[in-house]
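S.K.: Predicted coordinates and the sequence they were generated for:
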Amino acid sequence: MSTVYNFCAGPAMLPPPVMAKAQTELLDWQGQGVSVMEVSHRGAPFIELAKTSEADVRELMNIPDNYHVLFMHGGGRGQFAAIVNNFLGNNGRALYLVSGQWSRSAAAEACRLVGDAQVDTMDIVSKVNGLNQVTLPALTGAADKYRYVHYCPNETVDGIEIFDEIDAPWPVIADMSSTIMSRPVDVSKFGLIYAGAQKNIGPSGLSIVIVRDDLLQLPSVNPSSIMDYRIAVKHDSMFNTPPTFAWYLAAEVFKWLKSMGGIAAIESRNKQKAALLYQCIDQLPFYKNGVALPNRSRMNVTFQLADEALNKAFLTAAETHGLVALKGHRSVGGMRASLYNAMPLEGVQALVDFMQAFAAKHSA
């Protein structure tokens, strides 16, 4: 079978070495004669896996000791609700910075749970010379008192990434579902980081939460036990049965990241991949990107064809070349190439070669 490069925004491709190892261990994990999906999460082998995976996350992200690393249920959307329920008791208020679909969805969920009176939103994207650009607000002198400010550093649908830090007098909460471990971040600048696994960590169904001690003292809105961060801390993320296979694959991805040289090395590779694709888009009038240079996402490169009537032909031809899942989100159209950590440079080069040939064929 010829090589297939999967540009899906999520569930996304996983590192081939991880998948190959999982294949060999599917029926016999650690010589036990059974799959990791069939062993007890309370047993010594899985407890060791859990401890090792947490240690690897801490090492990769240089997480300070006053933070907890939790392996949770519900994906990113589950954390939209968990954050509100854990931290907005006693009529607490929160500020949501809106830069695209996912930050907007997080704000909408917060409003649904506690009402508009406890949730303020602020749009931070505007058109500058016809391109979407982020302008971060000055929050340091704000008189309002919020429990936290929430934002999404990378918007998968809109192809927008925020590289600057949020400077705020309140704890900063970040939805890093599509950017976690793609570049170094200073965890100490955040009150909480969360991420659905299905982009840079592992399969869907698992989410990672990195939460600072002091946030756990905030009054809650009686969250369900399964989404209560305090209970998760107390029970080492095993209050109930966790998604064990997803956790196992995530643990293998962490090992793979370390073998690749860690997050700084991965960032260097991600920069190279994104630069290659954006260069192709910028050099060919056949394609266009609608995001200002400072906010172009490295993880999700969105682009449109100058002639949208050719969209279907582009996608069909791309698939015949082993380039799959390039269709843009239904809300924005066009194309989207997701370049998460697992995507090799060779995959991006194959896409660029195809785009150049397609443009040449249909520009004649």
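M.R.: That came through, no problem. Numbering: from 1, shown residues only.
S.K.: low-confidence ranges in this protein?
M.R.: For the chain, residues meeting the criterion pLDDT under 70 lie at 1, 364.
S.K.: Which residue ranges make up the domains of it?
M.R.: Segmentation of the chain into domains, based on automatic domain parsing, reads 17-259, 262-363.
S.K.: These: which one's closest to Gly10?
M.R.: Closest to Gly10 of those, according to C-beta to C-beta: domain 17-259, at 4.4 Å. For glycine as for every other residue, the C-beta is placed from the backbone atoms N, C-alpha and C.
S.K.: quick one: the helices in this protein?
M.R.: In the chain, the helices defined using DSSP state H lie at 16-25, 44-61, 75-87, 101-114, 229-234, 244-259, 263-283, 311-320, 345-363.
S.K.: Generate TSV for those, with distance to Leu339 and mean neighbour count as supplementary columns.
M.R.: Below are these laid out as TSV (distance: least, C-beta to C-beta, whole Å; neighbours: other C-beta atoms under 10 Å):
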stretch	distance to Leu339	mean neighbour count
helix 16-25	16	14
helix 44-61	19	16
helix 75-87	19	23
helix 101-114	18	19
helix 229-234	31	18
helix 244-259	16	20
helix 263-283	5	17
helix 311-320	15	15
helix 345-363	6	16
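S.K.: Redo these as CSV? Include distance to Ala138.
M.R.: Below are these laid out as CSV (distance: least, C-beta to C-beta, whole Å):
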stretch, distance to Ala138
helix 16-25, 43
helix 44-61, 28
helix 75-87, 24
helix 101-114, 19
helix 229-234, 30
helix 244-259, 35
helix 263-283, 28
helix 311-320, 41
helix 345-363, 37
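S.K.: closest one to Arg212 among those?
M.R.: helix 229-234 (10.6 Å).
S.K.: ok, back up a step: pipe the domains of the chain into TSV and attach distance to Thr3 per row.
M.R.: Output for the domains of the chain, formatted as TSV (distance: least, C-beta to C-beta, whole Å):
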stretch	distance to Thr3
domain 17-259	14
domain 262-363	6
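S.K.: closest to Phe7 out of the ones you listed?
M.R.: domain 262-363 (4.6 Å).
S.K.: buried ones in stretch 123-130?
M.R.: By 16 or more other C-beta atoms under 10 Å, the buried positions in stretch 123-130 come out as 124-125.
S.K.: And the contacts of that stretch?
M.R.: 97-100, 132-137, 151, 158, 160, 290, 292 (C-beta atoms under 8 Å, 6 or more residues apart in numbering).
S.K.: Now the two most distant members of those residues.
M.R.: Pro137 and Gly290 (22.4 Å).
S.K.: To Ser2, which of the domains of the chain lies closest?
M.R.: domain 262-363 (5.4 Å).
S.K.: ok now that closest one, how far from the chain's centre?
M.R.: Relative to its chain's centre, domain 262-363 lies at 18 Å (C-alpha atoms, centre = their mean, to the nearest Å).
S.K.: same question, stretch 203-210
M.R.: Its chain's average C-alpha position is 10 Å from that of stretch 203-210, according to C-alpha atoms, centre = their mean.
S.K.: measure it end to end?
M.R.: Using C-alpha to C-alpha, to the nearest Å, the end-to-end distance of stretch 203-210 comes to 19 Å.
S.K.: any residues touching that stretch, and which ones?
M.R.: 10-11, 14, 57, 61, 63, 67-76, 78-79, 82, 177, 180, 187, 190, 192-198, 201, 229, 232, 242-243, 245-247, 249-250.
S.K.: now with 7 Å?
M.R.: When contacts are defined by C-beta atoms under 7 Å, 6 or more residues apart in numbering, stretch 203-210 is touched by residues 11, 63, 67, 69-72, 74-76, 78-79, 187, 192-198, 201, 229, 243, 246-247, 249-250.
S.K.: so which of the helices of the chain comes closest to Val332?
M.R.: helix 101-114 (8.5 Å).
S.K.: So which elements touch that closest one?
M.R.: In terms of contacts (3 or more C-beta pairs under 7 Å, 6 or more residues apart in numbering; DSSP states H and E), helix 101-114 is packed against helix 75-87, strand 94-98, strand 119-123, strand 154-155, strand 172-175.
S.K.: for His362, what are its contacts?
M.R.: His362 sits in contact with Leu310, where contact means C-beta under 7 Å, 6+ apart.
S.K.: what about 10 Å?
M.R.: Contacts for His362 (C-beta atoms under 10 Å, 6 or more residues apart in numbering) come out as 286, 305-307, 310, 313-314, 317.
S.K.: cool, Thr140 as well?
M.R.: So Thr140 contacts 167-169 (C-beta under 10 Å, 6+ apart).
S.K.: of those residues, buried ones?
M.R.: Among the contacts of Thr140, those buried by neighbour count (16+ other C-beta under 10 Å) are Ala168.
S.K.: sorry, back to before: what is the nearest of the contacts of stretch 123-130 to Ser237?
M.R.: Taking C-beta to C-beta as the measure, Ser237 lies nearest Tyr151 of the contacts of stretch 123-130, at 25.0 Å.
S.K.: Now do stretch 174-186: distance to the chain's middle.
M.R.: 7 Å.
S.K.: want to throw the helices and strands packed on helix 101-114 into CSV with distance to Ala325?
M.R.: Below are the helices and strands packed on helix 101-114 laid out as CSV (distance: least, C-beta to C-beta, whole Å):
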stretch, distance to Ala325
helix 75-87, 19
strand 94-98, 26
strand 119-123, 29
strand 154-155, 18
strand 172-175, 22
